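Peer 1: Structure for this input, please:
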Amino acid sequence: MKNFAFLAVSSIVIFVGCMQQDTIPTKPSPIDSIKKTSDRSVLKGSALLYTFDKKYENSDNSGILVTVLGTGASTTTDSMGKWQLNYLDSGKYAIQFTAPGFDTMTAYRVVVKGEDTLQMGPIYSDTLLSIPTSLIPRLAELPPTVQVVSALATVKEIIRVDSVDDHGVKTESKRDTLYDFTANITTSIESYFTNRREEVPVGYMACINEQSTLSANKIPNTVLFSRSWQYDSNGFFCLEDKYPSYPDNGDKTKRYFKIGLSLKEYAKARNLSLRQGVALYLHFTPIWRGLRRVRGDAAKGPAESIIIDWIIGAPQSYQIQWR
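Peer 2: Residues are numbered from 1 along each chain as shown. Modelled structure (predicted):
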């Protein structure tokens, strides 16, 4: 083996700057054509699975498919995430990492020079090299999707009259109009991993106005959850589903929300017209937790990290029915 340490380091440097989440066609070719020579190399490394429930590396990283694009050469990882490809001709390769239920990563411009064993990623040994985890292909579990399956929003106008008894004579003292608003929403959760549908936290953001639709770019970001007031300046109110409710049949793949709101107070703050029969709409946006990639400053730390964050769904609009 020729100068193993030098080749290992050089191959890793090439690998780090060129790995990204896959956005290429289903059957791409390597960026550079492979130089066909009699020289053959062994290429090996590691890959990890990041799952929603563990937040970090999964204890079992087996089954990741490692493919040399454009060549037909492939292998799978063992439980430690190790993989090895033998008898590669010298050249530059694109190495793709895939697993069911996870996103796809591709390392470009991986150089193989022949006659040596080149290491990509960490080395599981007390000797040789210690490689930062930012160099390892990490596949993030694809987040579940949440959709509204049923929704009903209603409001009822109530005239309240308070009276007092003045020496046996009842007199009207106050007349007030109240608006009893309720909404019942059921959402369904779909995920590649069935058990995730019961585990994933689900919440919502919603607002009420006179518009029949709401553009997605009007939805605030999830910083709304850190606010203490009932609704923000645009009329959005929210709920984080810390204590989920399920439908009466106990189906944990669904979430049930019952929304109650002081509509008179809300309408006054939002300058909404409240009168019997006026057209009002509830705009409901489900949000839920999932893994997300965050790009950082490579000069200060890992170029990319995987975090658990809120995912904002598409807003759904429902006309509020007067009772």
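Peer 1: quick one: residue 72 from residue 88, how far?
Peer 2: Distance of residue 72 to residue 88, given as Cβ to Cβ, to the nearest Å: 12 Å. Any C-beta I mention is one placed from the backbone N, CA and C, and that applies to glycine too.
Peer 1: for residue 60, that is, sorry about that
Peer 2: From residue 60 to residue 88 the distance is 27 Å (Cβ to Cβ).
Peer 1: Compare those two and say which is more crowded by neighbours.
Peer 2: residue 88 (20 against 13; other Cβ atoms under 10 Å).
Peer 1: contacting residues around that one?
Peer 2: 40, 41, 42, 43, 68, 71, 73, 112 (Cβ atoms under 8 Å, 6 or more residues apart in numbering).
Peer 1: Pull out the buried residues from those.
Peer 2: 41, 42, 43, 68, 71, 73, 112 (16 or more other Cβ atoms under 10 Å).
Peer 1: And these, which two are furthest apart?
Peer 2: Based on Cβ to Cβ, the longest span within the buried ones among the contacts of residue 88 runs between 42 and 71 and measures 14.7 Å.
Peer 1: Name the next helix or strand following the helix or strand residue 179 falls within along the chain.
Peer 2: Taking DSSP states H and E as the criterion, residue 179 maps to strand 169-190. Next helix or strand after strand 169-190 toward the C-terminus (DSSP H and E): helix 196-199.
Peer 1: Who does the next helix or strand after that next one pair with, and is each partner parallel or antiparallel?
Peer 2: Next along the chain after helix 196-199, taking DSSP H and E as the criterion, comes strand 202-209. Here strand 202-209 has these sheet partners by DSSP bridges: strand 237-239 (antiparallel), strand 281-295 (antiparallel).
Peer 1: What's the mean pLDDT across strand 202-209?
Peer 2: The pLDDT scores in strand 202-209 average 90.
Peer 1: Alpha carbons of it, in PDB - could you do that?
Peer 2: Taking Å, rounded to 0.1, in the frame of the first residue of the first chain, the C-alpha atoms of strand 202-209 are listed here in PDB:
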ATOM      1  CA  VAL A 202     -48.700  18.300  15.300                       C
ATOM      2  CA  GLY A 203     -50.000  21.800  15.900                       C
ATOM      3  CA  TYR A 204     -51.600  24.600  13.800                       C
ATOM      4  CA  MET A 205     -51.600  28.300  13.000                       C
ATOM      5  CA  ALA A 206     -54.900  29.900  12.000                       C
ATOM      6  CA  CYS A 207     -56.600  33.200  11.400                       C
ATOM      7  CA  ILE A 208     -60.100  34.500  10.500                       C
ATOM      8  CA  ASN A 209     -60.900  37.200   7.900                       C
END
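Peer 1: what angle sits between the helix or strand containing residue 266 and strand 202-209?
Peer 2: According to DSSP H and E, residue 266 maps onto helix 263-270. Put simply, helix 263-270 runs at 70 degrees to strand 202-209, going by axes from the mean of the first three to the mean of the last three Cα atoms, to 10 degrees.
Peer 1: Which secondary structure elements does helix 263-270 sit against?
Peer 2: For helix 263-270, the packing partners by 3 or more Cβ pairs under 8 Å, 6 or more residues apart in numbering; DSSP states H and E come out as strand 169-190, strand 202-209.
Peer 1: Which residues does it contact?
Peer 2: Under Cβ under 8 Å, 6+ apart, the answer for helix 263-270 is 155, 177-181, 208-209, 231, 235, 272-274.
Peer 1: Now with 10 Å, please.
Peer 2: Applying Cβ atoms under 10 Å, 6 or more residues apart in numbering, the contact partners of helix 263-270 are 155-157, 176-182, 207-210, 230-231, 233-235, 237, 261-262, 272-274, 278, 280, 320.
Peer 1: doesn't residue 308 make contact with residue 291?
Peer 2: Yes: using Cβ atoms under 10 Å, residue 291 is in contact with residue 308, at 6.2 Å.
Peer 1: and these two? which has more neighbours close in?
Peer 2: Just comparing residue 291 and residue 308: by other Cβ under 10 Å the higher neighbour count belongs to residue 291, 20 against 14.
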